[in-house]
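Asker: give me the fold of what follows.
(chains A and B)
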There are 2 protein chains.
Amino acid sequence: VRQAYAHSLVENPLQGEILRRVLHGGASTSRARLTQSLGVSKSKVAFEVRRLVAAGLLAEDGFADSEGGRRSSLLHVPHSAGFVGVFDLGATSTDVAVTTLSSDIVAHRSEPSDIAAGPRAILERAVELLDELLLEIGAHREQLVAVGVGVPGPVEQPTGRLVAPPIMPGWDDFGVRAVLEEEFHAPVAVDNDVNIMALGEHARGVGQGVENLLFVKIGTGIGGGIVIGGEIYRGAQGCAGDIGHLVADVHGPICACGNIGCLEALAAAPAIVRAAEHLAREGSSQFLAERLIAAGGLEARDVGDAASRGDYEALTIIRDAGRLIGQTLASVVSVLNPSLIVIGGGVSQIGNALLAEIRTSVYKRSLPLATRNLPIVLSQLEPRAGVIGASVIGVKSVLGVPTS
Amino acid sequence: VRQAYAHSLVENPLQGEILRRVLHGGASTSRARLTQSLGVSKSKVAFEVRRLVAAGLLAEDGFADSEGGRRSSLLHVPHSAGFVGVFDLGATSTDVAVTTLSSDIVAHRSEPSDIAAGPRAILERAVELLDELLLEIGAHREQLVAVGVGVPGPVEQPTGRLVAPPIMPGWDDFGVRAVLEEEFHAPVAVDNDVNIMALGEHARGVGQGVENLLFVKIGTGIGGGIVIGGEIYRGAQGCAGDIGHLVADVHGPICACGNIGCLEALAAAPAIVRAAEHLAREGSSQFLAERLIAAGGLEARDVGDAASRGDYEALTIIRDAGRLIGQTLASVVSVLNPSLIVIGGGVSQIGNALLAEIRTSVYKRSLPLATRNLPIVLSQLEPRAGVIGASVIGVKSVLGVPTS
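Answerer: Here you go, the predicted structure:
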């Protein structure tokens, strides 16, 4: 299905594996170590490393410590090997970045935006920002070897198109990948924003080395990203992990999706804000009432501020949200039996009470076996998890071996 | 972790891939076709095929059709290559079988049993049955190249031990694999019974060629088996797919697991029977009342019989169970976004109304995108799905390349 830009940086799977190990192995990867960990012959590794050096994808600097014999030089991927262009498009913000092939951020810009402005306007501005960043670091578009993109909706992987994205009017069936490949003449990888956050945490954050990871984003909506065996698990239509629309209370309110009692309608930022404004208006929280008058409206973080000042009613709002999220996650734990749950998104910063309540509810409701070793932790990379994850999918797309 | 019997039938990954293709390719696999589909050179394929023939794992019979040039002989795995011993241990029955390496059943015996009798008694009788089957087909234990086992509880994969199995008193921490490897001097693979049913349907049943499959067993309990990318997905502790203990009704009865309103407590066979006996006693169903008096108790299938005779109250019991199962599966669909749901287990045979109601509830409650292409079908292999799946895990365990 991919045509024009289905190229790869490597000529064979061994080269891909070597690059992957150098990219993730930090500063201590040598030929000797590669030979050892890859289980192939020294001469094969030496041959492919030589070809990668000749292609400008690997460089040598310094020598690894050695107890005698010929010392093995350290390998790294030089900046001259190229950069990755990153677009992390959110419902209300656009993040643009340039990273190295190791997904280290070289330049990063974030600005408010409205995804409902439609694909042309959003992408035009994003591309403009990327060009500005490239200019700042003295690089140019030809140095981008890949582009990674996160979008707040489900993506059909074979085509890189958005499929029926609920909060992205005007984007349905829009071919993000095709448009950006045309623009940059480089391979473009596109995925759902929560999926790339999950992958970011797995590749560079708190989920490193973890087999099965669930990332939960709590913000304007609630979404889940699943990593299984180091890869994003997308399901048949690319909408796996859609935990925001699990039923949290059959007697709950009607959700924007049309169903009743979805978790998102009960525990995401708008529900928290609604409860807080109710408290403020009925006079149950002086702090929130004052903040409402001063700002004309409340945000989820105001509830956190109130709770941290000892406001019991505000704390109850946070606890209620945490309990509903935890009860719903308990179901997800029974189905997926993950090794780790990472909580992220704007609302996750609202205070420790949220995480504590989520943990309590999950441990109470799940089978003991599934929670025997189940850390539930806050995101380590936020607010850069999406940018790093998008960079990782971009790099992945050019380390595979061309199949044509 | 595996020691004594961690041997493989093959010497390298290419041999494993060749055997796998011959085993699943039916009667039409030739060297030419292997060369084409594996994308390696003709001479490499010829070399490894020669070695596999010499080892007695492949044989040639007849010639593939050819439009000229040298004809390519057809390959198959001969019975003399060996058999697989299969134990499918259920809560109330023991199935024992001998299959070919292609998982065709050569001999099969099923008898009632009580898993609570404990591992020694159950396994002793199962081994006795397997010896009888071998005698019947004129084979002996040395011809078993692998053993596959299904058990009604969670299995820790690295060790082949049972972990906190709720309905298997006396089996906790019991090393099924170690005991049977000692007995048969062959590699033994052990997995949860629903997992192997899911794999059986994927390998040889309605799920062939399907990427992500959810198997739902509705019987004395309710369990789920997940196949992702052709492999059983087990999760961190081997208890993924535990859908019987998802909350179906927060105001429901207390489940055997101690939580409230689990799906299993509301829609598995015991709940259906309880509802039916209530109908019979209060005189709402003449058919069920007569059957209750005649037999002294009811079974789930009696409810199906009553419904098929036009008993509206009995039909309502089935519909209620189907609705609860469907509503719960809708959550699983949102998390996993599978390509196919297969419904099996004794209760699945209760009548079309159950499947119809499950379908309606799933389609009503899930996001349209996730159900756009989601067939929900009855098991095709039952009651042999578990036997075939256990054979498949046995074969898988000896087609891998030894890592030591």
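
Asker: quick check: pLDDT value at the residue positioned nearest the centre of chain A.
Answerer: Compute the mean C-alpha point of chain A, and by C-alpha atoms, centre = their mean the closest residue is residue A:197, 1.3 Å away. For residue A:197, the model assigns a pLDDT of 97.

Asker: quick one: it and residue A:385 touch, right?
Answerer: Yes - between residue A:197 and residue A:385 there is a contact at 4.2 Å, judged by C-beta atoms under 8 Å. Every residue, glycine included, has its C-beta placed from N, CA and C.

Asker: what touches both of those two?
Answerer: Common contacts of residue A:197 and residue A:385 (C-beta atoms under 8 Å, 6 or more residues apart in numbering or on different chains): A:215, A:344, A:379.

Asker: neighbours of the residue nearest to residue A:351 when sequence neighbours are not counted, just the number please.
Answerer: If the residues on either side of it in the chain are set aside, residue A:351 comes closest to residue A:304, at 4.4 Å by C-beta to C-beta, 6 or more residues apart in numbering or on different chains. A count of neighbours around residue A:304, defined by other C-beta atoms under 10 Å in any protein chain shown, yields 23.

Asker: what is the helix or strand hosting residue A:304 packed up against?
Answerer: Using DSSP states H and E, residue A:304 falls within helix A:300-308. Helix A:300-308 is packed against helix A:269-282, helix A:286-295, helix A:312-336, with contacts defined by 3 or more C-beta pairs under 8 Å, 6 or more residues apart in numbering or on different chains; DSSP states H and E.

Asker: do you know which of the ones you listed lies nearest chain B?
Answerer: Nearest of these to chain B, taken as C-beta to the nearest C-beta: helix A:312-336 at 4.5 Å.

Asker: show me how far the closest one is from its chain's centre.
Answerer: Helix A:312-336 has its C-alpha centroid displaced from the chain centroid by 22 Å (C-alpha atoms, centre = their mean, to the nearest Å).

Asker: what is the mean pLDDT for it?
Answerer: 95.

Asker: what segments of chain A are helices?
Answerer: With DSSP state H as the criterion, chain A has helices at A:13-24, A:31-38, A:42-54, A:119-136, A:176-184, A:193-204, A:263-267, A:269-282, A:286-295, A:300-308, A:312-336, A:352-365, A:368-371, A:385-399.

Asker: okay, now the nearest residue to residue A:262 once chain neighbours are set aside: neighbour count?
Answerer: Leaving aside its chain neighbours, residue A:262 sits nearest to residue A:255 (3.7 Å; criterion: C-beta to C-beta, 6+ apart). Neighbours of residue A:255 under the rule other C-beta under 10 Å: 19.

Asker: wait, isn't residue A:255 in contact with residue A:270?
Answerer: No - with contacts counted by C-beta under 8 Å, residue A:255 stays clear of residue A:270, the gap being 10.8 Å.

Asker: find the nearest non-adjacent residue to the residue in the stretch 151-300 of chain A that chain B sits nearest to, please.
Answerer: Proximity of the stretch 151-300 of chain A to chain B (C-beta to the nearest C-beta) peaks at residue A:235, 2.5 Å away. Nearest residue to residue A:235 in three dimensions, chain neighbours excluded: residue B:337, at 2.5 Å (C-beta to C-beta, 6+ apart).

Asker: can you tell me how far that neighbour is from residue B:169?
Answerer: According to C-beta to C-beta, to the nearest Å, residue B:337 stands 37 Å off from residue B:169.

Asker: before we move on, what about residue A:305?
Answerer: Going from residue A:305 to residue B:169 by C-beta to C-beta gives 53 Å.

Asker: same question, residue A:329
Answerer: Distance of residue A:329 to residue B:169, given as C-beta to C-beta: 30 Å.

Asker: name the residue in these two with the higher neighbour count.
Answerer: residue A:329 (27 against 11).

Asker: chain neighbours aside, what residue packs nearest to the more buried one?
Answerer: residue A:362 (5.1 Å).

Asker: now do residue A:379
Answerer: residue A:344 (3.4 Å).

Asker: how close does the residue of the stretch 301-404 of chain A found nearest chain B sit to residue A:226?
Answerer: Across the stretch 301-404 of chain A, no residue is closer to chain B than residue A:337, which sits at 2.5 Å (C-beta to the nearest C-beta). Per C-beta to C-beta, residue A:337 is found 12 Å from residue A:226.

Asker: any residues in contact with both of those two?
Answerer: Counting by C-beta under 8 Å, 6+ apart, the residues touching both residue A:337 and residue A:226 are residue A:212.

Asker: tell me which of the helices and strands packed on helix A:300-308 sits most buried.
Answerer: Among the helices and strands packed on helix A:300-308, ranked by average contacts under mean count of other C-beta atoms under 10 Å in any protein chain shown, first place goes to helix A:312-336 (a mean of 24).

Asker: elements contacting that one?
Answerer: For helix A:312-336, the elements it packs on are strand A:212-218, strand A:222-228, helix A:263-267, helix A:269-282, helix A:300-308, helix A:352-365, helix A:368-371, helix B:312-336, judged by 3+ C-beta pairs under 8 Å, 6+ apart.

Asker: lowest average pLDDT across those?
Answerer: When the helices and strands packed on helix A:312-336 are compared on average pLDDT, helix A:368-371 comes out lowest at a mean of 77.

Asker: give the buried residues for that one.
Answerer: Buried residues in helix A:368-371, counted by 16 or more other C-beta atoms under 10 Å in any protein chain shown: A:369-371.

Asker: do that helix and chain B meet at all?
Answerer: Yes - Helix A:368-371 reaches chain B (C-beta under 8 Å from any C-beta of the partner chain) through A:368-370.

Asker: how close does the residue of the stretch 1-150 of chain A found nearest chain B get to residue B:20?
Answerer: Using C-beta to the nearest C-beta, residue A:39 is the residue of the stretch 1-150 of chain A that sits closest to chain B, at 9.5 Å. Using C-beta to C-beta, residue A:39 is found at 22 Å from residue B:20.

Asker: ok, residue A:198 next?
Answerer: Counting by C-beta to C-beta, the gap from residue A:198 to residue B:20 is 31 Å.

Asker: show me which of the two is the more surrounded one.
Answerer: residue A:198 (33 against 14).

Asker: touching, that one and residue A:210? I think so.
Answerer: No - checked against C-beta under 8 Å, the pair residue A:198 and residue A:210 is beyond contact range at 10.5 Å.

Asker: find residues that contact each of those two.
Answerer: Common contacts of residue A:198 and residue A:210 (C-beta under 8 Å, 6+ apart): residue A:227.

Asker: neighbours around residue A:9, how many?
Answerer: The tally of other residues near residue A:9 (other C-beta under 10 Å) stands at 22.

Asker: give the contact list for the nearest residue to it once chain neighbours are set aside.
Answerer: Leaving aside its sequence neighbours, residue A:9 sits nearest to residue A:398 (C-beta to C-beta, 6+ apart; 4.7 Å). Residue A:398 makes contact with A:7-9, A:145-146, A:187, according to C-beta under 8 Å, 6+ apart.

Asker: any idea which of those residues is closest to residue B:123?
Answerer: Among the contacts of residue A:398, residue A:8 lies closest to residue B:123 (C-beta to C-beta), at 51.2 Å.
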